[in-house]
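**Student:** What would the 3D arrangement of this be:
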Amino acid sequence: MDLLLLRKTLIGLFAALASAVIISKLRRKRLNLPPGPFSLPLVGSWLQIGNNLDQHDFKNYAKKFGDLFLLRMGTRSIAVISSKDVAKEVLLTQGKEFGSRSRNIVFDIFTGKGQDLVFSEYGEHWRKMRRIVTVPFFTNKVVQHYRANWEAEAAALVDDVRNNPAAATEGIVLRHRLELMVYNNVYKIMCDKRFQGMDDPLFVKLKSINGERSRLGQSLEYNFGDFVPFFRPFLRRYLKICREVTRRRLNFYKNSFIEERKEIASTRGTEINNNGLKCGIDHFLEAQQKGEINEDHVLYIVENMNVAAIETTIWAFEWTIAELINNPKIQTKLRTELDTILGPGHQITEPDTYKLPYLHAVIKESLRLRMVVPCLVPHMNVHQAKLRDYDIPPECRIYINAWWLANDPAHWKKPEEFRPERFLEEEANIEANGNDMKYIPFGVGRRSCPGISIALPVLGITLGRLVQNFELLPPPGQEKIDTMENNGQFAMRMRYHANIVLKPRSFD
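**Tutor:** Prediction:
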């Protein structure tokens, strides 16, 4: 019996392999596909490339295969774009055709197969979700309304660091305190809530459960099962954990935040808080009552905010602070600008940020060299499409190597250097909003990141106050902060959370 089963299995595998070879050859004859690495039936190029796909790998493949190439990773087609012209074609000219999102087996679990905003397919659902989220989060009215809260959170951060003796001597992991600040900024807008400190039980639980999601989602280890479904049974335990974490997260958001806002609405009516604006969840619940979205959609919007608005901002802070420490002359120049234009001891506010060109240049340079989402969130064409003269198969995952566009020596002077001056000199007209396709840290077009409207002022206020009030230094015995990368599915992160010294300045 065992021999018979083995024989049937081998025959089945041989038949599948033969069918795959025939289909692949017929398909390539029928379609004019972009060039790419050698591809085998069933597994494509996965055996030679492996699970790890990041902006550096894509840069190297582009040098060999061109600025539009195709990877066959098992059943997945992945098109990678490394030129401004083709990026413009995908994001703007054919923005509708390439406006959907490609997920993977883990993000299918996290987002309910695209019931959220970030990973939904382009269409009516996405348009509704984008509108519902934009009103309470991403308008100039929101910036002007909440900027005092952001300034207060930055002031609290400075006070806590000053009151921590270790900060000025052996150093602290500043990221931990930055997390509290960023969570407070986002949750104030989302549900009019502020966590009282790093030991606040609700904050501890929230950070822990979001950390589980980040660890599972950003791992590259599950790519083999995403690329080659034949291997998916080996991921049963991993995917089970992902489902359990998702269940606990969504229940936690519902029970700890959404139900509270429902209770407030039922007892006092939908409140207009903080002198004029409803919080985000109130907007989401109103949209649910109108039948525009359902309860699951509300939960997935909250899920998105915990990742897209919080994690990316924290990573941007880590990279920028590390670069300021590793480039002390730039840090000094920034501090001089703050002291000269604002006056020593005058704590920066949101309106002040517009008077500080070097501060803006530092932020833009950090987003260029250390782009947090280096290949943007992958796009996808639902139907077969054309790029240049090539056929792009349906449901192809599209990576725009935005990091390489911003670090290509053909378009940037000494791109490997952290040099903010470039944005005051030869690149003075380039902005982070994507007015030039060689610099699109927030994307551009239909699926661009709307968070730019709050990310830039929060970065400016917080970094300004840190540099005003402290000299940022590596820990004793070290000359620099370790900036080794730890790249995940869509993110460029620092491998180690840096321990840094913050030496207080005196304004007497």
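**Student:** I'd like to know how many residues surround Asp352.
**Tutor:** Neighbours of Asp352 under the rule other Cβ atoms under 10 Å: 18. Just so you know, the C-beta spots here come from the backbone N, C-alpha and C atoms, and that holds for glycine as well.
**Student:** Likewise for Gly345?
**Tutor:** By other Cβ under 10 Å, neighbour count at Gly345 equals 12.
**Student:** I figured it hits Asn469, correct?
**Tutor:** No: between Gly345 and Asn469 there is no contact, the gap being 9.1 Å when judged by Cβ atoms under 8 Å.
**Student:** where does this structure have low pLDDT?
**Tutor:** 1-29, 268-276, 508 (pLDDT under 70).
**Student:** Against which helices or strands is the helix or strand where Ala316 lies packed?
**Tutor:** Using DSSP states H and E, Ala316 falls within helix 311-326. Here helix 311-326 touches helix 174-191, helix 328-342, helix 357-369, helix 452-469, strand 470-473, going by 3 or more Cβ pairs under 8 Å, 6 or more residues apart in numbering; DSSP states H and E.
**Student:** Give me the residues contacting the last one.
**Tutor:** Think strand 470-473. For strand 470-473, contacts defined as Cβ atoms under 8 Å, 6 or more residues apart in numbering pick out 158, 161, 171, 321, 324-325, 331, 466, 500-505.
**Student:** Mind checking which of those residues are buried?
**Tutor:** Val158, Val161, Gly171, Ile321, Leu324, Ile325, Gln331, Leu466, Ile500, Val501, Leu502 (16 or more other Cβ atoms under 10 Å).
**Student:** Out of these, flag the one nearest to Glu221.
**Tutor:** The shortest approach to Glu221 among those belongs to Ile321, at 29.1 Å (Cβ to Cβ).
**Student:** Can you give me every residue that contacts that closest one?
**Tutor:** Listed by Cβ under 8 Å, 6+ apart, the contact partners of Ile321 are Leu174, Leu463, Leu466, Leu472, Ala498, Ile500.
**Student:** Surely Phe442 forms part of a strand?
**Tutor:** No: read with DSSP: H, G, I helix; E, B strand; the rest coil, Phe442 is coil and lies in no strand.
**Student:** Quick check: it touching Ile454?
**Tutor:** No: the criterion here is Cβ under 8 Å, and Phe442 misses it with Ile454 at 11.5 Å.
**Student:** Phi and psi next, for Ala152.
**Tutor:** The phi/psi pair for Ala152 (degrees, to the nearest 10) reads phi -70, psi -40.
**Student:** how deep is it tucked in, by neighbour count?
**Tutor:** With other Cβ under 10 Å as criterion, Ala152 counts 15.
**Student:** possible to save the buried ones among the contacts of strand 470-473 as TSV with distance to His297?
**Tutor:** Shown next, in TSV, are the buried ones among the contacts of strand 470-473 (distance: Cβ to Cβ, whole Å):
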residue	distance to His297
Val158	38
Val161	39
Gly171	43
Ile321	36
Leu324	40
Ile325	42
Gln331	44
Leu466	37
Ile500	40
Val501	45
Leu502	42
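**Student:** which one of the residues you listed is nearest Asn487?
**Tutor:** Closest to Asn487, out of all of these and judged by Cβ to Cβ, is Ile321, at 19.1 Å.
**Student:** got CSV for the contacts of Ile321, with distance to His125 too?
**Tutor:** Output for the contacts of Ile321, formatted as CSV (distance: Cβ to Cβ, whole Å):
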residue, distance to His125
Leu174, 39
Leu463, 37
Leu466, 40
Leu472, 44
Ala498, 40
Ile500, 43
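**Student:** and the two most separated of those?
**Tutor:** Distances among the contacts of Ile321 were taken as Cβ to Cβ; the most separated pair is Leu463 and Ala498, at 15.0 Å.
**Student:** Who has more neighbours out of those two?
**Tutor:** The neighbour count for Leu463 versus Ala498, taken as other Cβ under 10 Å, is higher for Leu463 (25 against 21).
**Student:** ok, which stretches of the stretch 351-500 of the chain are strands?
**Tutor:** Assigned by DSSP state E, counting those that start in this stretch, the strands in the stretch 351-500 of the chain fall at 379-381, 385-387, 390-392, 396-400, 470-473.
**Student:** same for the third one, what does it pack against?
**Tutor:** With contacts defined as 3+ Cβ pairs under 8 Å, 6+ apart, strand 390-392 has these neighbours: strand 385-387.
**Student:** Run through who's touching the strand it packs on.
**Tutor:** 34, 68, 79, 81, 86, 89-90, 94, 97-98, 391-392, 396.
**Student:** Inside strands: which ones of the residues you listed?
**Tutor:** Leu68, Ala79, Ile81, Asp391, Ile392, Cys396 (DSSP state E).
**Student:** Any chance of the residues you listed in TSV with distance to Pro415 and neighbour count as columns?
**Tutor:** As requested, those are exported to TSV (distance: Cβ to Cβ, whole Å; neighbours: other Cβ atoms under 10 Å):
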residue	distance to Pro415	neighbour count
Leu68	21	23
Ala79	24	28
Ile81	18	30
Asp391	33	16
Ile392	29	26
Cys396	29	25
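**Student:** got CSV for those residues, with distance to Pro357 too?
**Tutor:** Compiled in CSV, those are given as follows (distance: Cβ to Cβ, whole Å):
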residue, distance to Pro357
Leu68, 36
Ala79, 38
Ile81, 32
Asp391, 46
Ile392, 41
Cys396, 41
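**Student:** Just give me the closest of those to Glu350.
**Tutor:** Nearest to Glu350 among the ones in strands among the contacts of strand 385-387: Ile81, at 35.5 Å, using Cβ to Cβ.
**Student:** does that closest one have beta-bridge partners, and which?
**Tutor:** Counting by DSSP bridges, Ile81 forms beta bridges with Leu68, Ile400.
**Student:** which ones are touching it?
**Tutor:** Asp67, Leu68, Ala87, Val90, Leu387, Ile398, Tyr399, Ile400, Asn401.
**Student:** Hmm, the second one is touching Val80, no?
**Tutor:** Yes: contact status for Leu68 versus Val80: in contact at 7.5 Å, counting by Cβ under 8 Å.
**Student:** quick one on the thing from earlier: nearest to Ala265, of the helices and strands packed on helix 311-326?
**Tutor:** Of these, nearest to Ala265 by Cβ to Cβ is helix 174-191, at 11.8 Å.
**Student:** just the angle between that closest one and helix 311-326, please?
**Tutor:** 150 degrees (axes from the mean of the first three to the mean of the last three Cα atoms, to 10 degrees).
**Student:** following helix 174-191, which helix or strand comes up?
**Tutor:** Counting by DSSP H and E, what follows helix 174-191 is helix 201-218.
**Student:** for the helix or strand following that next one, packing partners?
**Tutor:** Sequence-wise, the next helix or strand downstream of helix 201-218 (DSSP H and E) is helix 223-227. On a contact count with 3+ Cβ pairs under 8 Å, 6+ apart, helix 223-227 meets helix 105-110.
**Student:** Quick one: distance of the helix it packs on to the chain centre.
**Tutor:** From the chain centre to the centre of helix 105-110 is a distance of 16 Å (Cα atoms, centre = their mean, to the nearest Å).
**Student:** Can you list the buried residues in it?
**Tutor:** Ile105, Val106, Phe107, Ile109, Phe110.
**Student:** List the contacts of the nearest residue to Ile452 once chain neighbours are set aside.
**Tutor:** Spatial nearest neighbour of Ile452, chain neighbours left out: Phe442 (4.5 Å); criterion: Cβ to Cβ, 6 or more residues apart in numbering. Taking Cβ under 8 Å, 6+ apart, we find Phe442 in contact with Ala432, Asn433, Gly434, Ser448, Cys449, Gly451, Ile452, Ala455.
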